[in-house]
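Q: the following block contains a protein sequence and its predicted model.
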Amino acid sequence: MKSFRKELWFNTKTRRDYINITPEVEKCVQESGIKEGLCLVNAMHITASVYINDNERGLIQDYDDWLEKLAPHEPISHYRHNLTGEDNGDAHLKRQIMGREVVVAVTDGKLDFGPWEQIFYAEFDGRRPKRVLVKIIGE
């Protein structure tokens, strides 16, 4: 069994952002040389997420609106976590809702997606460098 590991780095200009990282993950699969296996993609920061869904602008805005209603950034005094001097209590909750990671099958050297599926990096407390781990195992 072979194993491949690569880090993808992101530094968003805004606090919240949603980035389609499917092309970068597909490049990792090609680099790995693995034809049959599994590809794990996970956010390596507690205020960011990786998820799979449709790459449709309206849906991405719906996610952002929905998450902001569930865990609004302001008032920052609303979150006990922010009493530590942070201002990202909402980002921790948004990450918990959206999840940490995804696993996609690799079949014949390609990500084995269902219709319309794409991999996204969701940033909830941006404006600094953060990383995503891509780990591929298989034959």
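A: Done, it's in.
Q: center of this structure, which residue is that?
A: Centre of the chain computed as the mean C-alpha position; nearest residue by Cα atoms, centre = their mean is Val50, 2.0 Å away.
Q: and Asp64, what element?
A: Element membership for Asp64 (DSSP states H and E) is helix 57-70.
Q: any idea which helix or strand comes after that helix?
A: Helices and strands here follow DSSP H and E; after helix 57-70, the next one along the chain is helix 89-98.
Q: what separation do you get for Trp116 and Leu59?
A: Computed as Cβ to Cβ, to the nearest Å, the Trp116 to Leu59 distance reads 10 Å. No exception for glycine: its C-beta is placed from N, CA and C like everyone else's.
Q: overlap in contacts of the two?
A: Listed contacts common to Trp116 and Leu59 are nil; contacts here mean Cβ atoms under 8 Å, 6 or more residues apart in numbering.
Q: if we can go back for a sec, same for the host helix or strand of the residue nearest to the centre of the chain, what does it pack against?
A: Val50 is part of strand 48-54, with elements assigned from DSSP H and E. In terms of contact count using 3 or more Cβ pairs under 8 Å, 6 or more residues apart in numbering; DSSP states H and E, strand 48-54 is assigned the packing partners strand 37-43, helix 89-98, strand 101-107, strand 117-123, strand 130-138.
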